[in-house]
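*Asks:* From the sequence below, what's the structure:
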Amino acid sequence: MTGILLSRYPTAVERTASASVPRPFIVFDATLYKDKPSLEAYGVHPITVLYESRLFVANQLPAAMPPETVVRSLAFELRSSPEPVVLDIERWPLKGDGLVVQSTVGKFLSVLSWMKGEAPGVPFGVYGTVPVPDYWRAIRDPASEEFQSWQQDNDRLEGVSDRVDALFPSIYTFYTDRQGWVTYAIAQIAEAKRKAKGNRSMQFLWPQYS
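*Replies:* From the prediction side, this is the model:
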C-alpha cells in the first residue's frame, strides 16, 4: 500500500476555532518512488507508514501478532513525529465469521496500545480498515441490503475506529468505470466520517490506475 493522503477534517485544536474559519486541505505523500524530490515547498508533507515488513518477523503465520518488542521499538523511534503514523496491517480478516473479526479487533487494539504506550503524543491510525474497502457493496444504493451489510461490517470494527486518532480509508481506483469510482469514493468518505465521530479522516489515493 502506498499513496497520497487527502484530509479536510479538523484536528482537535481546529475544532475549537470559529466555524467561519476555512478548514485547511492537507495533503500527505506516502509514495515510495525512487529519487523522489521533496514536495514540502508545495505544501505536500511526508507521512510515516509502518508496513507489515517492519512490524512482523519473517515466516510468521498470517494470524500471528507482531512481536511486542518490535512494535514498541518502532513507536519509540517515532515518539517525536509531528505527523500521524499509519499502520498498514492487511493480513487479518475484516469481515466474515464474527469470532474471527472479534479476534482481529483485539489484535489491532493490542498493537495500538503498545504504540501509544511508547509514543502517547503521536496520532496513530490504521490503513484501509474502517471503512472496509469493499467496492461492490459501497457503490450500492444506501437503502440496499448490500450497502447496509457493509455498514454492519464497519460497525463490527468499531473497537478499532474508536481507538485510533484518525481513519485512513482507501479510495483507490480499481476499475475503468469513472462514475463508479466517484460513487465508491463518496461512500468511503461518508462512512469514514460516520465512524470517525469527530476525529480526522484522511483518504489514501493512488496516482495511477491499479
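
*Asks:* For residue 88, give me the backbone phi and psi.
*Replies:* Main-chain torsions, residue 88, degrees, to the nearest 10: phi -110, psi 90.

*Asks:* tell me the contacts of the nearest residue to it once chain neighbours are set aside?
*Replies:* Closest residue in space to residue 88, ignoring its immediate chain neighbours: residue 127 at 4.5 Å, by Cβ to Cβ, 6 or more residues apart in numbering. In this view, the C-beta of every residue, glycine as well, is placed from N, C-alpha and C. With contact set as Cβ atoms under 8 Å, 6 or more residues apart in numbering, residue 127 has these partners: 1, 49, 86, 87, 88, 90, 168, 170, 204.

*Asks:* between these, which has the most around it?
*Replies:* residue 168 (29 neighbours; other Cβ atoms under 10 Å).

*Asks:* picking that back up, give me the pLDDT value at the residue nearest to residue 88.
*Replies:* With respect to pLDDT, residue 127 scores 97.

*Asks:* Mind naming the longest helix for the chain?
*Replies:* Among the segments of the chain that qualify as a helix by DSSP state H, the longest is helix 98-118.

*Asks:* what packs against it?
*Replies:* If you count contacts as 3 or more Cβ pairs under 8 Å, 6 or more residues apart in numbering; DSSP states H and E, helix 98-118 packs onto helix 68-77, strand 85-88, strand 124-127, helix 145-156, helix 158-161.

*Asks:* Apply 6 Å and report the result again.
*Replies:* helix 68-77, helix 158-161 (3 or more Cβ pairs under 6 Å, 6 or more residues apart in numbering; DSSP states H and E).

*Asks:* what angle do the first one and helix 98-118 make?
*Replies:* Spelled out, it's helix 68-77. Angle, helix 68-77 to helix 98-118, by axes from the mean of the first three to the mean of the last three Cα atoms, to 10 degrees: 50 degrees.

*Asks:* What is the least confident helix or strand in the protein?
*Replies:* Lowest on mean pLDDT, DSSP states H and E among the helices and strands of the chain sits strand 4-7, with a mean of 60.

*Asks:* Okay, now the sheet partners of the helix or strand just after it, with direction.
*Replies:* Counting by DSSP states H and E, the next helix or strand C-terminal to strand 4-7 is strand 26-29. In the sheet, strand 26-29 lines up against strand 4-7 (antiparallel), strand 44-46 (parallel) (DSSP bridges).

*Asks:* Before I go, just wanted to say thanks for your time.
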